[in-house]
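Colleague: curious how this folds, go ahead:
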Amino acid sequence: MKKSVVVALAVMMGALLVLTTGQVFSAQKVFSLDDIPEIKNKRPLTLALEAGGEEDTLLPFVKQFEEKTGIPVNTEVMLFAVMYGKENIELVAGTGAYDVPIVEASWTNEWAPYLFSLEELAEKYEPEGVEAVRRDLAYLDPGLRRMASTREGVNYGWPYECYTLMMMYRDDVFKHPVEKANFEKQYGYELAPAMTWDQLRDQSEFFTRKKGEKLKGEALTHDLYGLALMAGRFPHVQDQVGAILWGLGGHWAKIVRDENGKPLGFRIGEQDKALLRAAFEIYVDLLQFASPGSLNAFWDFVMAQFSAGNIIIAPALYDSCYPWMSAWGPDVGPGARIEGAPVPMIQPYCGCFHFAVSRDSKNPEGAYWLAKYMGSYEVHKAWIEAGFIPSRRDVVEEPMYLDPGLHEKLGWIPTMLETWDYQLPYVNNYLHFNSAAFGKIYDYMTELCHDVARGALTPQEGVEEWVKTFTELQTKFGKLPVLD
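Modeller: From the prediction side, this is the model:
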């Protein structure tokens, strides 16, 4: 669901952007630190932050908030792998340990009873009331706003970081005349970024070669593989399987609504079972062309394999990996160039984190303004300049970021925007953003998809296990029934 990047690479990215553009960009006339009013409650706040380098970008803004408001802010930095468990315990127990927790978009419905809505807090603390929330949220991508809200459309946080699965590939190889001619002769169509999963299979097979065979007319000094996958037992394998399932037109579980759009429950019909089986089969089939180690891998392995020249395609990888994929190894050869494209069928996971306010906070007013500031324009500008992926379209769409000189670091932008726009009509009906048990369901998905990938379960057995366990988890922890 999520990747983090190392501090050193983030610093390099920030330096590149400042040097290339010759300036540190100033904020537009939108909400900023200066707009935070006097806050009478000076009780300290605790802010949850994700580890992985991004905290170094956010901490200076936390310091500025402290100086502006006089409110001390404690920060707890945690790895994504433990975030759900740590925060869930405190929220459910009502300890108030985190005034401003990080919420992954798919946890929003589950944690809504323990969080203030932005609308509720705006009525109390915004000089302009709810209208201020609506105006400031409008700068965010509408799909990400939906992910950070409940199925009833109530907003529970300020999105600040996102991660969209996209395809990354060796553009120099795809455009090489010998490779193009050989591919078209073998498969009967032009070599171009795969638009279907069948095309991806063809390309993965085509580029899988042994040491001594040729690539771009030169003999390989090592084995080459068509692709690498995040098939390890980590919270990413289900994102890749899910991208296939959604692209085929299937659902993990379909939400059923009445004529007025009110959710009635979830149903896994025969068509969705068949499409999930097909998604499992496609994923397992692709593994035969994947770099060895894929069954134990997450995003860092795929990045390393691509940069080392061991694979040609990273078919479904988080866009936040893109800036670090061009650190080419010595075996890659001259002229290597990365390019991005949507995953086949353009329906991958588009996730985001948002900062929310706990109902058990002893200072909800201060927490509200801290969370809003973390989602502000100026913070997002610093975020993209440090090498991370912001949620605000007004930042991502700035013309300066289309500079061809920034392609290796910011070439993800057109693909991400295309994917966001394509996914917008579908987001409201995905299980991830409608189930109040999804944090627990998602953890189970990791185990299930990894077991199918490694052959511990057949695709059909995977479908049967999914239907059984989803029904149990949704019935026990969710709010909507599983319908026959």
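
Colleague: when you work out contacts or count neighbours from here on, use the C-alpha atoms and nothing else.
Modeller: Will do.

Colleague: quick check: buried residues in the helix of greatest length in the chain?
Modeller: The longest helix of the chain (DSSP state H) is helix 459-477. Going by neighbour count (16 or more other C-alpha atoms under 10 Å), the buried part of helix 459-477 is Pro459, Gln460, Gly462, Val463, Trp466, Val467, Phe470, Thr471, Gln474, Phe477.

Colleague: let me know the secondary structure of the spatially closest residue to Trp299 that is not a sequence neighbour.
Modeller: Excluding the flanking residues, the one nearest Trp299 by C-alpha to C-alpha, 6 or more residues apart in numbering is Met230, at 6.1 Å. Secondary structure, DSSP: H, G, I helix; E, B strand; the rest coil: Met230 is coil.

Colleague: hmm, Met230 is touching Phe298, no?
Modeller: Yes - applying C-alpha atoms under 8 Å, one finds Met230 in contact with Phe298, separated by 4.4 Å.

Colleague: higher neighbour count, these two?
Modeller: Neighbours per residue (other C-alpha atoms under 10 Å) separate Met230 from Phe298, with Met230 holding more: 28 against 22.

Colleague: look up how far Val357 lies from that one.
Modeller: The gap separating Met230 from Val357 is 33 Å, by C-alpha to C-alpha, to the nearest Å.

Colleague: with Tyr430 instead?
Modeller: The spacing between Tyr430 and Val357, counted by C-alpha to C-alpha, is 25 Å.

Colleague: and those two? which has more neighbours close in?
Modeller: Between Tyr430 and Val357, Val357 has the larger neighbour count (other C-alpha under 10 Å), namely 33 against 19.

Colleague: just checking, what packs against the one helix or strand Ile312 maps to?
Modeller: Secondary structure assigned from DSSP states H and E places Ile312 in strand 311-318. Secondary-structure packing of strand 311-318 (3 or more C-alpha pairs under 8 Å, 6 or more residues apart in numbering; DSSP states H and E): strand 158-170, helix 197-207, strand 225-227, helix 299-307.

Colleague: contact partners of that strand?
Modeller: Strand 311-318 is contacted from outside by 2-3, 163-170, 173, 200, 204, 207, 224-229, 240, 291, 299, 302, 305-306, 343, 348, using C-alpha atoms under 8 Å, 6 or more residues apart in numbering.

Colleague: repeat that for 6 Å
Modeller: With contact meaning C-alpha atoms under 6 Å, 6 or more residues apart in numbering, strand 311-318 is reached by 163-170, 224-228, 343.

Colleague: what's the answer for stretch 461-469, then?
Modeller: Residues from elsewhere that reach stretch 461-469 (C-alpha under 6 Å, 6+ apart): none.

Colleague: and the strands in this protein?
Modeller: Assigned by DSSP state E, the chain shows strands spanning 45-50, 73-78, 102-104, 115-116, 158-170, 214-215, 218-219, 225-227, 254-257, 263-267, 311-318, 338-341, 350-355, 357-358.

Colleague: now Thr262: phi and psi?
Modeller: Thr isn't right for residue 262; it's Lys. The phi/psi pair for Lys262 (degrees, to the nearest 10) reads phi -70, psi 130.

Colleague: how many other residues sit next to it?
Modeller: Lys262: 12 surrounding residues under other C-alpha under 10 Å.

Colleague: how much space between the residue nearest in space to the middle of the chain and Leu59?
Modeller: In the chain, the C-alpha nearest the mean C-alpha coordinate belongs to Tyr163, at 2.6 Å (C-alpha atoms, centre = their mean). According to C-alpha to C-alpha, Tyr163 stands 21 Å off from Leu59.

Colleague: make JSON lines out of the helices and strands packed on strand 311-318 and add distance to Arg454 and mean pLDDT.
Modeller: Output for the helices and strands packed on strand 311-318, formatted as JSON lines (distance: least, C-alpha to C-alpha, whole Å; pLDDT from 0 to 100):
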{"stretch": "strand 158-170", "distance to Arg454": "22", "mean pLDDT": "93"}
{"stretch": "helix 197-207", "distance to Arg454": "18", "mean pLDDT": "98"}
{"stretch": "strand 225-227", "distance to Arg454": "17", "mean pLDDT": "98"}
{"stretch": "helix 299-307", "distance to Arg454": "17", "mean pLDDT": "95"}
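
Colleague: including distance to Val77, could those go into TSV?
Modeller: Formatted as TSV, the helices and strands packed on strand 311-318 follow (distance: least, C-alpha to C-alpha, whole Å):
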stretch	distance to Val77
strand 158-170	15
helix 197-207	38
strand 225-227	33
helix 299-307	20
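
Colleague: nearest to Val379, out of those?
Modeller: strand 158-170 (8.5 Å; C-alpha to C-alpha).
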